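Undergrad: Sequence and predicted structure below; questions after.
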Amino acid sequence: MTETSSIFIIRESFGTYGYIGPPPYKPWEALKKENEETRFTLLSPDAKYFAVGNSSLVNIFKTEDGSISCVIPRRMLSAKLSPQGGYIIAWDNPNQNLDNFSIWSLNGSKKKASASHSQKLTKMPESQFSWDEKIYARLTNDLRIIFYETPDFQTEIKRTPEDMKISNFSLSTGNSPLHYICYVRGGKEQNTSSVKLFKYPNVEASSVICQRSSFQSERVDIKWNKRGTAALVTTMTDVDKTGGSYYGKTSLEYLDTRANSYKVQLAGPDSDIIHASKWSPTSTEFCIIVGKMPNTRAALMNSKCEKILDMDIAARNEIYFNPQGNLVLLCGLGNLPGTIEVWELKKHKRCVAQFRVQTTTQVEWLNDGAHFITATTAPRMQVDNGFKVWDFRGKSILDWVATKHLFGITSVVSHENKIPFPESELDAHIKAIESKPKNPKAEEKAAVYIPVHKRTGTAGSPMVPKSQQTKATASNSSDGDEISAKQRKIQNLQKKLNDIQKLKAELANGKTLEKNQLVKINNEETIRSEIESLQLS
């Protein structure tokens, strides 16, 4: 893998293997293909290693060249790589004869990993390594955090007080001084829960840097920024005991290592309903989606929790920043129709593309920050599994169809991304959008709902003077026929493009194509040009 390449790992029914770009994307020959169905694929947070686990062993590969770093001759049900790929935390079903929780060191000689720690546990504990992998922390059954200095996993260095009763915790990311956040859940006598920020090695309650409280929260989701200097904490309650909401309660809190803490909230009703929050790779901005469906509002916020960009109202529930932090995808997935919006955040601060990809279950940016993947995966979807590669303009680059089941895509995005974004292409695209003639109908705001009996006359006819009805109907009919005819032509051309992408995928997989199929592939640019001319007309 070079600094300008994009690699993603495909895990499907008939094996696990890699693809590499930039376009055209092709199989990554340097990576040895795993021919049997695998249990999991993992990428280390620094993107230098990834693991592939099957029914009997786990292989650790280097993303630099696809070579095997080491092999663990043991089955794992699930696993987690440490930030720099020096350790792997493994979990298997409880077994009377074997320890089912273990930590393996991946820095051994002769490409063999060694077990650094193991024990029998009834459930997978909450555990984590610091970014430099010098500290390992684990939550115990009596709700206390124990800290160890690696590679010694037997001698505890610090332990949080017994009366804190910590339900969850998270260590900071990045190379900043180590901090950690604790979540203390309220009990029967004390309904108020709290999240508290500490600097390691301080563990006493009096050493807290800042904290936020929430009423009746049951669990939290903690997201640190890339530098490890601030965190977003979403508190959640499944049942709203006040009766204010059928869907429970959520709240978004901001805490940073400079002792600042805020409640993140937009002006307006229903802003306490949090659907998504995500840090930008810049670590100074984050994006949120709040409000009732389908009229959720998205906004870009700064480190003072002030809104710096309003991204309108639409049905969206997921956020994905590209590695460079200048583009963000706002998506409506799951039970929503699969709408994807591409927003530019730095220079133009506007939506640059919008399209729909139905049945999407996974979205991944590629390393270049100009292309991304949408995938339909099992077990959520048992049919029509596959993925598509798109560019930031919403143009389909690759359409890959799974033979049976696609279980997931792992994009190898470097933690220290140095790929320059194609700003000139983005500027040209936005200039083309702004030069299009504006459609006044598209700019009209949605009319306020008027009951049928008030907005229609007898027999449901519109409340329009009879002298104008014939003229208006004829005009609308003419416009509708013209628009639908052009749209049908674009759809037919788009269908031809989709067929070409499938043929290109078959060709990349080594299939021999017929002469007429190769002719179709050669006509791709002609079809794209025709689509663009129709869209601009």
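TA: Everything's here; your move. Bear in mind the structure is a predicted one, so any value in this text is a computation, not a measurement.
Undergrad: contacts, neighbours, all on C-alpha from now
TA: Will do.
Undergrad: shaky segments in the protein?
TA: Along the chain, the model assigns pLDDT under 70 to residues 1-4, 108-110, 188-190, 242-247, 417-418, 438-484, 535-537.
Undergrad: just the helices in it please.
TA: Along the chain, counting by DSSP state H, helices occupy 423-435, 440-443, 452-455, 466-508, 515-522, 524-536.
Undergrad: Nearest to the spatial middle of the chain, which residue is it?
TA: Y320 (5.0 Å; C-alpha atoms, centre = their mean).
Undergrad: what pairs with the spatially closest residue to it that is not a sequence neighbour across the strands?
TA: Sequence neighbours aside, L329 is the residue nearest to Y320 in space, at 5.0 Å (criterion: C-alpha to C-alpha, 6 or more residues apart in numbering). Here L329 shows beta-bridge partners Y320, V342, assigned using DSSP bridges.
Undergrad: shouldn't L329 be in contact with F321?
TA: Yes - at 6.4 Å, L329 counts as touching F321 under the criterion of C-alpha atoms under 8 Å.
Undergrad: what's around R227, how many residues?
TA: 16 (other C-alpha atoms under 10 Å).
Undergrad: give the contact list for it.
TA: Counting by C-alpha atoms under 8 Å, 6 or more residues apart in numbering, R227 makes contact with 173-176, 283.
Undergrad: which one of these is nearest L493?
TA: S283 (42.0 Å; C-alpha to C-alpha).
Undergrad: residues touching the residue nearest to that closest one when sequence neighbours are not counted, list them.
TA: Residue nearest to S283 in three dimensions, not counting chain neighbours: N225, with 5.1 Å by C-alpha to C-alpha, 6+ apart. Contacts here follow C-alpha under 8 Å, 6+ apart; on that basis N225 touches 173, 231, 279-281, 283.
Undergrad: what does E156 give?
TA: Per C-alpha under 8 Å, 6+ apart, neighbours of E156: 146-149.
Undergrad: which one of those residues is nearest I433?
TA: For those, the nearest to I433 is F147 (54.7 Å; C-alpha to C-alpha).
Undergrad: And the closest one, how far from S411?
TA: 32 Å (C-alpha to C-alpha, to the nearest Å).
Undergrad: can you check T150 too?
TA: Taken as C-alpha to C-alpha, the span from T150 to S411 is 29 Å.
Undergrad: between those two, who's got more neighbours?
TA: For T150 versus S411, neighbours defined as other C-alpha under 10 Å are more numerous around S411 (22 against 14).
Undergrad: Quickly note the distance from that one to R393.
TA: 20 Å.
Undergrad: and what of K263?
TA: 35 Å.
Undergrad: got it, and P23?
TA: P23 is 15 Å from R393, by C-alpha to C-alpha.
Undergrad: likewise T235?
TA: Taking C-alpha to C-alpha, one finds T235 at 35 Å from R393.
Undergrad: burial count for A259?
TA: 13.
Undergrad: hang on, the earlier thing: just the buried members of the contacts of R227?
TA: Listed as buried from the contacts of R227 are 173-174, 283; burial here means 16 or more other C-alpha atoms under 10 Å.
Undergrad: Out of these, the closest to R11 would be?
TA: T173 (27.6 Å).
Undergrad: Can you name the residues that contact the nearest residue to that closest one once chain neighbours are set aside?
TA: Distance criterion C-alpha to C-alpha, 6+ apart; nearest residue to T173, sequence neighbours excluded, is G228 at 4.4 Å. Contact analysis of G228 by C-alpha under 8 Å, 6+ apart lists 172-176, 178-179.
Undergrad: now swap in L121 and tell me
TA: Counting by C-alpha under 8 Å, 6+ apart, L121 has contacts 94, 99-101.
Undergrad: can you do 7 Å?
TA: The neighbours of L121, taking C-alpha atoms under 7 Å, 6 or more residues apart in numbering as the test, are 94, 100-101.
Undergrad: same deal with D270?
TA: D270 neighbours (C-alpha under 7 Å, 6+ apart): 291-292.
Undergrad: Check the gap between it and Y254 for me.
TA: 19 Å.
Undergrad: now swap in I313 and tell me
TA: On the measure of C-alpha to C-alpha, I313 and Y254 end up 23 Å apart.
Undergrad: of those two, who's got more company?
TA: Applying other C-alpha under 10 Å to I313 and Y254 shows that Y254 carries more neighbours, namely 21 against 16.
Undergrad: my guess is the more buried one meets T229, correct?
TA: No - the criterion here is C-alpha atoms under 7 Å, and Y254 misses it with T229 at 11.1 Å.
Undergrad: Spit out the contact partners of T237.
TA: Here T237 is in contact with 216-219, 248-250 (C-alpha under 7 Å, 6+ apart).
Undergrad: how does it look with 6 Å?
TA: For T237, the residues meeting the contact criterion (C-alpha atoms under 6 Å, 6 or more residues apart in numbering) are 217-218, 248-249.
Undergrad: Out of the residues you listed, which is nearest to I9?
TA: E218 (35.5 Å).
Undergrad: got the contact list for that closest one?
TA: Neighbours of E218 in contact, by C-alpha under 6 Å, 6+ apart: 236-237.
Undergrad: Distance check, it against P437.
TA: Noted for E218: a distance of 52 Å to P437, by C-alpha to C-alpha.
Undergrad: cool, E344 as well?
TA: Distance from E344 to P437, by C-alpha to C-alpha: 21 Å.
Undergrad: wait, doesn't G15 sit right on R39?
TA: No - at 10.4 Å, G15 does not count as touching R39 under the criterion of C-alpha atoms under 6 Å.
Undergrad: partner residues bridging L171?
TA: Counting by DSSP bridges, the residues bridging with L171 are Y180.
Undergrad: That one contacts Y180, doesn't it?
TA: Yes - under the criterion of C-alpha under 6 Å, L171 makes contact with Y180 at 4.4 Å.
Undergrad: what about I135, distance to W400?
TA: 42 Å.
Undergrad: wait, K26
TA: 11 Å.
Undergrad: same check, this time on F321
TA: The value you get for F321 to W400, if C-alpha to C-alpha is used, is 23 Å.
Undergrad: what about the two, which has more around it?
TA: Between F321 and W400, counting by other C-alpha under 10 Å, F321 is the more crowded of the two (22 against 18).
Undergrad: need the contact list for the more buried one.
TA: Per C-alpha under 6 Å, 6+ apart, neighbours of F321: V328.
Undergrad: Run a quick neighbour tally on the residue lying closest to L497 once chain neighbours are set aside.
TA: Nearest residue to L497 in three dimensions, chain neighbours excluded: E524, at 6.7 Å (C-alpha to C-alpha, 6+ apart). E524 sits with 15 neighbouring residues when counted by other C-alpha under 10 Å.
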